[in-house]
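> Predicted model follows, preceded by the sequence.
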Amino acid sequence: APVRGRVPQTRQAMRDSMAAPQEKPLVKIAPNNPVFDLPVLVAQEAGLFDKAGVEVRYSARYEDRAPTLTERAVLSRLKEQLFECGSADTYNVCEWASIDRLERGKRGGNIAALRAAVTAQAILTFDDRLQVPRDLAGVPVVVNEFTGSHYTTLQMLEGAVGRDNVKIEHVGAPQKRVEALLKRSHRAVTVMEPYISLGLKEGAHMIAASFYRGGEVISPTLTPEQRAAYYDAINAAVDLINADFTRYAHYIVAPVKGQLKPEELSRNFVRYGHVENYAADRFGQTYEWMKSWGLASGASEHDKLVLG
């Protein structure tokens, strides 16, 4: 029998466990380019994930992407690798690629939302003979296959030159594409920020640009509560970015390693909004377009792939 006046051990352990700080749920992220991940970086800096009651960690450093910058096999690229092997719970990618990755992958998952970053891909050149999209008929445009640069290039050019005259060439990640531009080894490249600003600074001119959103790919193990806490923090970070963009521009220009100062980054080609649900009609339009180019299996459905 317990000694009078003493709390039984089981009851004491219960009280100790209630008094101990509760471990926050962990969300592991695979890194994307900083222009797309800026809300994550700002939320970490400002402690917004902690306030939302969730711990968020990157599964790898952005620099760890280096060995796969020219990788053609989609699931061998770093963020896809990390997600497929279970080392990451989520990553963001362009809208079309979010569908593509889930169709290709073996792990399973869903598209939870449209991401916060609203960015442009722009076709840049130093060639004075290339002035408007119609001048690109039959001209290879450098992209990273099955990413925003690829899909937006198809959309920017199909109406101007006809699908049969759209030519793309896979070179890889934006660092490789801007290198091809600056070395004049290729006539036209498609890039996003900070590479648009860098190319324009170096004297290139723009032929076309297209804004787009992306999808948030999540694992089946991420709970609704974890998602809600994560996106609450992301949305709060968006508000901070929109209130003082220049404060955070250094994150975006970091990959070009001093070639572009934060104050030289244009505000014209990137903006941020709260994450949004991926509506069925939008998914349907996107998926039909992908099928028309042979870029989707045709087997996916909104109700099965996208979370409401």
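Yep, it's here. Residues are numbered from 1 along each chain as shown.
> C-alpha from now on. contacts and neighbour counts both.
Fine.
> Quick check: Ile168 is in a strand.
Yes - using DSSP: H, G, I helix; E, B strand; the rest coil, the assignment for Ile168 is a strand.
> count of residues packed around it?
When neighbours are defined as other CA atoms under 10 Å, Ile168 has 21 of them.
> May I ask which helix or strand encompasses Tyr151?
helix 148-161 (DSSP states H and E).
> Extract the C-alpha set from that helix and format it as CSV.
The C-alpha atoms that make up helix 148-161 are tabulated as CSV, following Å, rounded to 0.1, in the frame of the first residue of the first chain:
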residue,chain,number,x,y,z
GLY,A,148,8.7,25.4,-64.5
SER,A,149,11.2,26.5,-67.2
HIS,A,150,10.1,23.7,-69.4
TYR,A,151,6.3,23.9,-69.0
THR,A,152,6.2,27.7,-69.2
THR,A,153,8.4,27.8,-72.3
LEU,A,154,5.9,25.5,-74.0
GLN,A,155,3.0,27.7,-73.0
MET,A,156,4.8,31.0,-74.0
LEU,A,157,5.7,29.7,-77.5
GLU,A,158,2.9,27.3,-78.6
GLY,A,159,0.5,30.1,-79.5
ALA,A,160,3.3,32.2,-81.2
VAL,A,161,5.1,29.6,-83.4
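> tell me the mean pLDDT over that helix?
Taken as a whole, helix 148-161 carries a mean pLDDT of 98.
> cool, and stretch 98-113?
Model confidence over stretch 98-113, given as mean pLDDT, is 97.
> related to what we said a few turns ago, show the secondary-structure elements that the helix holding Tyr151 is packed against.
Contacts defined by 3 or more CA pairs under 8 Å, 6 or more residues apart in numbering; DSSP states H and E place helix 148-161 against helix 95-104, strand 117-125, strand 140-143, strand 188-191, strand 205-212.
> how far off strand 117-125 does it point, in degrees?
For helix 148-161 against strand 117-125, the angle by axes from the mean of the first three to the mean of the last three CA atoms, to 10 degrees is 60 degrees.
> Let me know the secondary structure of the closest residue to Leu240 other than its chain neighbours.
Excluding the flanking residues, the one nearest Leu240 by CA to CA, 6 or more residues apart in numbering is Val42, at 8.0 Å. Recorded secondary structure, Val42: helix (three-state DSSP).
> Contacts only, for Val42.
Residues near Val42 by CA atoms under 8 Å, 6 or more residues apart in numbering: Ala237, Leu240, Ile241, Tyr248.
> Of all the residues in the helix holding Tyr151, which ones are buried?
Under the neighbour-count criterion of 16 or more other CA atoms under 10 Å, helix 148-161 has Gly148, Ser149, His150, Tyr151, Thr152, Thr153, Leu154, Met156, Leu157, Glu158, Ala160, Val161 buried.
> Same check on stretch 216-233?
Within stretch 216-233, the residues that count as buried by 16+ other CA under 10 Å are Glu216, Val217, Ile218, Ser219, Leu222, Gln226, Arg227, Ala229, Tyr230, Tyr231, Asp232, Ala233.
> Let me know the closest of the residues you listed to Cys94.
Nearest to Cys94 among the buried residues of stretch 216-233: Glu216, at 8.6 Å, using CA to CA.
> for this protein, what spans make up the helices?
9-19, 34-46, 48-52, 78-84, 95-104, 148-161, 174-182, 195-201, 224-243, 245-253, 280-292, 302-305 (DSSP state H).
> so how far is the third one from its chain's centroid?
Translated: helix 48-52. 21 Å (CA atoms, centre = their mean, to the nearest Å).
> The longest one now?
Relative to its parent chain, helix 224-243 has a centroid offset of 15 Å by CA atoms, centre = their mean.
> Likewise for the fifth one?
Taking the mean C-alpha point of helix 95-104 and that of its whole chain, the gap between them comes to 12 Å (CA atoms, centre = their mean).
> buried sites along that helix?
Buried, per 16+ other CA under 10 Å, within helix 95-104: Glu95, Trp96, Ala97, Ser98, Ile99, Asp100, Arg101, Leu102, Glu103.
> Thanks a lot, catch you later.
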